[in-house]
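Undergrad: Here's my sequence, what's the structure:
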Amino acid sequence: MIEITMPRLSDTMEEGSILAWHKQPGDTVAVGDVLVEIETDKATMEYEAYEAGTMSKQLVPEGDLVSIGTPIALIDDGKGAEAAPAAEPAPAAEEAPAEVAPAAEAAPAEVAPAAEAAPAEVTSTEVASTEVAPAEAETPATDTASGERQFASPLVRKLAREHNLDLSTVSGTGPGGRIIRADIDSLLEGGQNVTTAEPAAAPAAPAPAAAPAASSAPASTTDDRRASESVAMTQTRRVIARRLGESARSIPHFYVTAAADAEALMKLRGELNEQLVAGNRPKVSVNDLLIRASAIALREHPLVNASYIDDDSKTMLVHHRINVGVAVASENGLVVPVIDDADTKTVTQLGVETKELVSLANAKKLTPAQMSGGTFTISNLGMFGVEEFTAIINPPEGAILAVGGTKREPTVVGDEILPHYRMRYTLSADHRVIDGALAAQFLQTLTRLIENPWTIIA
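TA: Numbering: from 1, shown residues only. Next up is the predicted model:
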């Protein structure tokens, strides 16, 4: 019998969540077959079998979060005493209840740990991460109301149990006819299959004395709907919360803000994009120009491109490679893919690479290598209308640049006041390795580059 344990799939991974099983008990497993999809702190990754056999048992149901090294499945290789029972699974009709029972009991465990950790998450993120995975449609679930085998996501199964929903009346719109969260919205909003506190009040309705109680039932239901809700956090969100919490508590941040006249930068970008479009080449964004400008500024001020080791160390790390992380608010949470050697690439190269990384981030297909090795990060919220903000340092980096929006403001130009584009940005720096004067000098250089943009693309 082969024991499969939760693997370490990234350098910062401490625990993983079972997103979807690709092999069910009784299935034949060949070397290289995908056994399970695992959500790590950085991405969703497929885990392949290294030995052949028959899937004997799933020890961890979909949705559960376990630590590295925890057994998650057993594969019968035919060598153990349990080989014979495992090789003769019961017929499908008899096996379904045995498979489904653990899944039905597992959903509360899926929510409980997350609620204890931190009950704050965007619902759409959880839905996306549990319902879009290609292999989830392969796992049938039994509807608690009808007893029929149906395909439904773990979230839908949990909600069906909590609200006594009859899923036999629902047509799934997910992959392979899978019932997803959007398919049961009408039931959750008060359809005939939802069992709430209202039926309990129904027997009292015929009696005149019970009229006030009956009239108060809708108000109670409304209050329930407006009450706080415990929403499960994705593994990505949990790791973000832990790492940024540690950063804010342990790193002595200080902040330096500057502003630049970006009129020339915006004019150059417009002219450059006209030429690129005419040549059937992709356009560049303001963020692409800022990545290039920051990389050049880091080259001039290498001590900003540094990392603090620990309190016992007598040295700090000064990085000779300039690897710029780009904070991406993807559909699956905040991720920071890294552009290696950003100072050696042109603006158009940076633009193409950034777009590819953002696309991979939204599809949850970034590899650990694409999110590792950063030495400096840029977080740009200008596209959301933010004027300026401060960002939390992404350890073990020594600084992060928070970029606000670019908009036209009255600007003194010589003896005139003219409408010019202006941009504000704030450097958050680790005071253990970067002093205020060094941070100010870095921003001086960055401002000079933005106000003289030809030096960025030269």
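Undergrad: Span of stretch 280-291 from start to end?
TA: Length of stretch 280-291, first residue to last, C-alpha to C-alpha, to the nearest Å: 23 Å.
Undergrad: can you pull the buried residues of it?
TA: Applying a neighbour-count criterion of 16 or more other C-beta atoms under 10 Å, the buried positions in stretch 280-291 are 284-291. Using the backbone N, CA and C atoms, a C-beta is placed for each residue, glycine as well.
Undergrad: Please produce CSV containing the residues you listed, extended by distance to residue 336, pLDDT and secondary structure.
TA: Putting those into CSV (distance: C-beta to C-beta, whole Å; pLDDT from 0 to 100; DSSP: H, G, I helix; E, B strand; the rest coil) gives the following:
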residue, distance to residue 336, pLDDT, secondary structure
284, 21, 94, coil
285, 18, 94, coil
286, 19, 95, helix
287, 14, 95, helix
288, 17, 96, helix
289, 19, 96, helix
290, 15, 97, helix
291, 13, 97, helix
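Undergrad: CSV for the residues you listed, including distance to residue 307?
TA: Conversion of those to CSV gives the following (distance: C-beta to C-beta, whole Å):
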residue, distance to residue 307
284, 30
285, 28
286, 28
287, 24
288, 25
289, 26
290, 22
291, 20
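Undergrad: and which of those is nearest residue 263?
TA: Minimum distance to residue 263 across these is 12.7 Å, recorded for residue 286 (C-beta to C-beta).
Undergrad: gap between the closest one and residue 405?
TA: Spatial separation of residue 286 from residue 405 under the definition C-beta to C-beta, to the nearest Å is 9 Å.
Undergrad: which residues touch the nearest residue to residue 328 once chain neighbours are set aside?
TA: Spatial nearest neighbour of residue 328, excluding adjacent residues (C-beta to C-beta, 6 or more residues apart in numbering): residue 361 at 4.7 Å. Residues near residue 361 by C-beta atoms under 8 Å, 6 or more residues apart in numbering: 328, 330, 332, 335, 337.
Undergrad: Please report the confidence value the model assigns to residue 361.
TA: Reported pLDDT at residue 361 in the predicted model: 87.
Undergrad: Report the buried residues of the host helix or strand of it.
TA: Element membership for residue 361 (DSSP states H and E) is helix 347-362. Along helix 347-362, these residues count as buried under the neighbour rule (16+ other C-beta under 10 Å): 347-348, 350-354, 357-358, 360-362.
Undergrad: Now list whatever residues contact both of residue 286 and residue 405.
TA: Going by C-beta under 8 Å, 6+ apart, residues that sit against residue 286 and also against residue 405 are residue 382.
Undergrad: Out of the helices and strands in this protein, which is least certain?
TA: Per-element confidence for the chain was summarised using mean pLDDT, DSSP states H and E. The lowest value among helices and strands belongs to helix 123-131, with a mean of 37.
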